[in-house]
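K.L.:
Make a model of this:
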Amino acid sequence: MLRHASAKNDKFTQENDHEKPLDSIGERESINLSNWLKNIYIDLDLIISSDAKRATQTSELVFKPLGKTFEKNSSFYLCTYEEILQTIRKLNDKFNSVAIVGHEPSISDTLRALVGTSRPDLEKILNTVYQPCTMTFVYFNANNWNSLNEKDGILEEYLTPEMINMKNEKN
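P.N.:
As a prediction, the model looks like this:
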């Protein structure tokens, strides 16, 4: 799961929030994440993004350089974790690795709903709010998506933009 990158802009109100673009920090963070994903050879079968401008811009900057396209999902804007979980349960079983790009608080709520266990160093992460451009990796030991239940996941990785910068500097 990935929260859209930074999109601070005082010109946008609740009425036009859907059209709020990434700011320069968000663009840079997205490119850094894309570079990291390229270096570790993550291969995603499907990317589903909120159709809000900042989420689609994040998806384009992160996944397009990896040769990936993404589907827009209008229900991921201002949704609950139940709506994301419902979408996941309807996925075709041919997809093994899926990225969900969305917003707060639905992304962190979805993480809390799906994760039953985690690496010991990540246990406290479930009680935090996703920063912009933070990505988590959750593993499911399931044969099909429609049998996925809450708390079935194992939190494998939690990456903030600062962590990505440190990892990119090492490479």
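K.L.:
Specify the residue positioned farthest from the middle of this protein.
P.N.:
Within the chain, Lys11 marks the point farthest from the mean C-alpha position, 25.4 Å out by C-alpha atoms, centre = their mean.
K.L.:
Contact partners for it?
P.N.:
Residues near Lys11 by C-beta atoms under 8 Å, 6 or more residues apart in numbering: none. In this view, the C-beta of every residue, glycine as well, is placed from N, C-alpha and C.
K.L.:
Quick check: phi and psi on it?
P.N.:
phi -70, psi -10 (degrees, to the nearest 10).
K.L.:
do Asn96 as well
P.N.:
Backbone torsions of Asn96, given as degrees, to the nearest 10, read phi -100, psi -40.
K.L.:
same deal with the one 3 residues further on?
P.N.:
Ala99 has phi and psi values of phi -110, psi 140 when expressed as degrees, to the nearest 10.
K.L.:
Could you tell me how far it is located from Leu91?
P.N.:
According to C-beta to C-beta, to the nearest Å, Ala99 stands 12 Å off from Leu91.
K.L.:
Show me which of the two is the more surrounded one.
P.N.:
Set side by side, Ala99 and Leu91 show unequal neighbour counts under other C-beta atoms under 10 Å, the larger going to Ala99 at 21 against 17.
K.L.:
what is the more buried one paired to in the beta sheet?
P.N.:
On the basis of DSSP bridges, Ala99 is bridged to Ile47.
K.L.:
for the longest helix that the chain contains, what is the average pLDDT?
P.N.:
Taking DSSP state H as the criterion, the chain has its longest helix at helix 24-39. Taken as a whole, helix 24-39 carries a mean pLDDT of 96.
K.L.:
in it, what's buried?
P.N.:
Going by neighbour count (16 or more other C-beta atoms under 10 Å), the buried part of helix 24-39 is 26-30, 32-37.
K.L.:
can you give me how far stretch 80-87 is from the chain middle?
P.N.:
Relative to its chain's centre, stretch 80-87 lies at 14 Å (C-alpha atoms, centre = their mean, to the nearest Å).
K.L.:
Stretch 122-135 too?
P.N.:
11 Å.
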